[in-house]
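Q: have a look at this fold, sequence not included:
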């Protein structure tokens, strides 16, 4: 009859081994290290060794770094529950007793935020690893084990947050890593904020920094091109031809306020992006927006205190990271979504932007950007009521008129370099009015209120904003104000087209036409998986009533339309396409703004 394995195992006197090692007798100690670090070690042996080490954990000082290194390299996260529990107890005791090992221990835990994928794992057509349900379940168990230990460490080691944050930054996966690495790491990062709330703002900033790395590398035109190519391939396979000029199809596309078909939304939400960086951004944006929802809601109801706290943290991140970033297209939608949760949050964000716009001590580039954000959210957000729109337009137009009162009499021509914020605010006002004019005129005193904005003075001022603002906006704004007899812009537009007026930084030898940067931060949202959070809140341009019914085309209108079409990317005009008129989304961000200030 054989003796059970447990009874045959010789007791381990770790105290003796450590004492012999200090005296220079290392043979038995080295054998122990070899057995402990054996990849084929049996779970029962591992439990036996861990119990012995834990009994003498106070003796394992800095002299035994090699032993600690082997302990940290043990593959424990996917072991049986009893082995995992013993390891967690051992490491908790070790790191609590010897804080000199805390950084190494935390580094090991953060590394486990990343999944283990073999290089030979199968990949899809876009080069991403194919992740099976079993793999996800295995990784989920491992991540739970890591968080249990990290949470326990945080509770008993006060300096844990101080040591942890630099490690999270250092071990953040490189942008070239597979999307599953980024998905797991971000998910685990956000999970840590639930039990280490003191690090939430720093962790959220780290996540935003990572998303911006992808965002600036996948401009709108590249995403649209990749998606269009993918759709063309699908259409060829299915031999389906869509006639977009068919009036019935146009009617279907524009049948709802958001111009979005519910079934199409559901289909696209489950479809990976064809653009590699956009796909990674989409996955992380989805995690982040879901995280915002979870933080701000308790059992499906808005938690106002939690929402306010998160807003304050994200607003600081917006000011420090998102606002100064060149050419971001999607990351800023975290603020868009957060503003949708409660009107007070939206108004607070508007107030923040308004203060930046009117503060002369803020750099011009940021004042212009703030105007772009304010105009964009007022135009695009379905959750912004018309009362808020009119209040903001009152502020913006009041600021414009005050600015015109204060400019020097020597200012005789458009000057972007010296008046960049003025033109940015004008563009924001025109942009908002183009989008929301229908609702404005449906109010009881809408027309009288619109008259009080005194658009005529703005467009006829010496600074000539119609010369600088994006032509496609000018064209539609002129059409609407002409229809309601609020301002008459056509003569000015034609004069601007015909005349070469001097502009800023131009020599007397010649001049060029300079238009304001077309930075609209809330241009149409293009990411598939995360769009489910944005599209129900999003307004797309519905066209100008006058342009839909007026077929008169005199010579002057032809000149204006040709000019707008030539200057507008994609050759689009307002109100004449079934899709959003600003879907061209060239939005080059802050580069051009900086060039003109």
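A: Received it, and whenever you're ready, just let me know what you need. This structure is a prediction, so every number in the text was calculated from the model and none was measured.
Q: which residues of this structure fall in strands?
A: Listed in chain order, the strands of the chain (DSSP state E) span residues 297-298, 301-302.
Q: now the ones you listed in TSV, with mean pLDDT?
A: Listed next are the strands of the chain as TSV, based on pLDDT from 0 to 100:
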stretch	mean pLDDT
strand 297-298	96
strand 301-302	96
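Q: so what's residue 59 up against?
A: Residues counted as contacts of residue 59 (C-beta atoms under 8 Å, 6 or more residues apart in numbering) are 14, 15, 18. Backbone N, C-alpha and C define where each C-beta goes, glycine included.
Q: how about the last one, what does it touch?
A: With C-beta under 8 Å, 6+ apart as the criterion, the residues that contact residue 18 are 29, 56, 59, 60, 64.
Q: repeat the analysis, applying 6 Å as the threshold.
A: residue 59 (C-beta atoms under 6 Å, 6 or more residues apart in numbering).
Q: cool, and the first one?
A: By C-beta under 6 Å, 6+ apart, the contact set of residue 14 is 52, 56.
Q: let's see it at 7 Å
A: When contacts are counted by C-beta atoms under 7 Å, 6 or more residues apart in numbering, residue 14 touches 52, 53, 56.
Q: from what I see, the last one and residue 15 are in contact.
A: Yes - using C-beta atoms under 7 Å, residue 56 is in contact with residue 15, at 5.3 Å.
Q: that older thread, looking at the contacts of residue 14, which is nearest residue 363?
A: Taking C-beta to C-beta as the measure, residue 363 lies nearest residue 53 of the contacts of residue 14, at 57.7 Å.
Q: the closest one reaches residue 90, doesn't it?
A: Yes - at 6.0 Å, residue 53 and residue 90 qualify as touching, with contact defined as C-beta under 7 Å.
Q: show me the contacts for the spatially most central residue of the chain.
A: Central residue check for the chain by C-alpha atoms, centre = their mean: the C-alpha nearest the mean position is that of residue 331, 1.7 Å away. Remark: with contacts taken as C-beta under 7 Å, 6+ apart, residue 331 is in contact with 208, 211, 212, 215, 322.
Q: of those, which belong to helices?
A: Secondary-structure check on those using DSSP state H: residues within helices are 208, 211, 212, 215.
Q: can you tell me how far the second one is from residue 119?
A: From residue 211 across to residue 119, the span is 26 Å (C-beta to C-beta, to the nearest Å).
Q: give me the more crowded residue out of these two.
A: Set side by side, residue 211 and residue 119 show unequal neighbour counts under other C-beta atoms under 10 Å, the larger going to residue 211 at 24 against 5.
Q: pretty sure that one is touching residue 282, no?
A: No - shown here, residue 211 and residue 282 do not form a contact pair, counting by C-beta under 7 Å, at 10.1 Å.
Q: need the ones in helices among the contacts of residue 331 in CSV with distance to residue 22 and pLDDT, can you?
A: What follows is the ones in helices among the contacts of residue 331, written out as CSV (distance: C-beta to C-beta, whole Å; pLDDT from 0 to 100):
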residue, distance to residue 22, pLDDT
208, 50, 98
211, 51, 98
212, 52, 97
215, 55, 97
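Q: which one of the residues you listed is nearest residue 532?
A: Nearest to residue 532 out of the ones in helices among the contacts of residue 331 is residue 211 (C-beta to C-beta; 17.4 Å).
Q: now do that closest one against residue 530, distance only.
A: 11 Å.
Q: need the overlap of contacts for these two.
A: residue 285.
Q: ok, and the closest non-adjacent residue to residue 130?
A: residue 122 (4.7 Å; C-beta to C-beta, 6 or more residues apart in numbering).
Q: list phi and psi for the one you found.
A: phi -60, psi 150 (degrees, to the nearest 10).
Q: please apply the same query to residue 525.
A: Taking degrees, to the nearest 10, you get phi -80, psi 130 for the backbone angles of residue 525.
Q: next, the contact list for it, please.
A: Taking C-beta under 7 Å, 6+ apart, one finds 330, 333, 531, 534, 535, 538 in contact with residue 525.
Q: out of the residues you listed, which are inside helices?
A: Using DSSP H to define helices, the subset of the contacts of residue 525 located there is residue 333.
Q: which of the contacts of residue 525 has the most neighbours?
A: residue 330 (27 neighbours).
Q: need the contact list for that residue.
A: Residues in contact with residue 330 (C-beta under 7 Å, 6+ apart) are 215, 281, 285, 525, 527.
Q: so who does the nearest residue to the second one once chain neighbours are set aside touch?
A: Closest residue in space to residue 281, ignoring its immediate chain neighbours: residue 214 at 3.9 Å, by C-beta to C-beta, 6+ apart. Residue 214 is in contact with 175, 277, 280, 281, counting by C-beta under 7 Å, 6+ apart.
Q: does the first one touch residue 213 like I think?
A: Yes - counting by C-beta under 7 Å, residue 213 is a contact partner of residue 175 at 5.3 Å.
Q: show me which helix runs longest in this structure.
A: For the chain, assigning by DSSP H, the longest helix comes out as helix 416-442.
Q: for that one, what is the average pLDDT?
A: On average, the pLDDT along helix 416-442 is 95.
Q: elements contacting that helix?
A: Packing contacts for helix 416-442, counted by 3 or more C-beta pairs under 7 Å, 6 or more residues apart in numbering; DSSP states H and E, involve helix 364-380, helix 386-406, helix 446-452, helix 465-468, helix 471-483.
Q: among the ones you listed, which comes closest to residue 109?
A: When these are ranked by distance to residue 109, counting by C-beta to C-beta, first place goes to helix 364-380 at 38.3 Å.
Q: quick one: average confidence on the closest one?
A: 96.
Q: then stretch 116-124?
A: Across stretch 116-124, pLDDT averages out at 84.
Q: got the buried residues for it?
A: residue 117 (16 or more other C-beta atoms under 10 Å).
Q: ok so, going back, for residue 99, state which of the contacts of residue 331 is nearest.
A: For residue 99, the closest of the contacts of residue 331 turns out to be residue 208, at 31.0 Å, with distances computed as C-beta to C-beta.
Q: what about the closest one, neighbour count?
A: Using other C-beta under 10 Å, residue 208 has 24 neighbouring residues.
Q: contact partners for it?
A: By C-beta under 7 Å, 6+ apart, residue 208 lies in contact with 317, 321, 322, 331.
Q: okay if I get the contacts of residue 59 as JSON lines plus pLDDT and distance to residue 188?
A: Rendered in JSON lines, the data for the contacts of residue 59 read as follows (pLDDT from 0 to 100; distance: C-beta to C-beta, whole Å):
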{"residue": "14", "pLDDT": "88", "distance to residue 188": "33"}
{"residue": "15", "pLDDT": "90", "distance to residue 188": "37"}
{"residue": "18", "pLDDT": "91", "distance to residue 188": "35"}
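Q: in helices, which of those residues fall?
A: Taking DSSP H as the definition of helices, those contribute 14, 15, 18.
Q: in JSON lines: those residues, plus distance to residue 429.
A: Compiled in JSON lines, these are given as follows (distance: C-beta to C-beta, whole Å):
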{"residue": "14", "distance to residue 429": "76"}
{"residue": "15", "distance to residue 429": "79"}
{"residue": "18", "distance to residue 429": "76"}
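Q: of those, just say which sits nearest to residue 338.
A: residue 14 (53.5 Å).
Q: how much space separates the closest one from residue 453?
A: If you go by C-beta to C-beta, the gap between residue 14 and residue 453 works out to 82 Å.
Q: now distance to residue 435 too, for the contacts of residue 331, in TSV please.
A: What follows is those, written out as TSV (distance: C-beta to C-beta, whole Å):
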residue	distance to residue 435
208	27
211	27
212	27
215	24
322	22
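Q: good, we can wrap up now.
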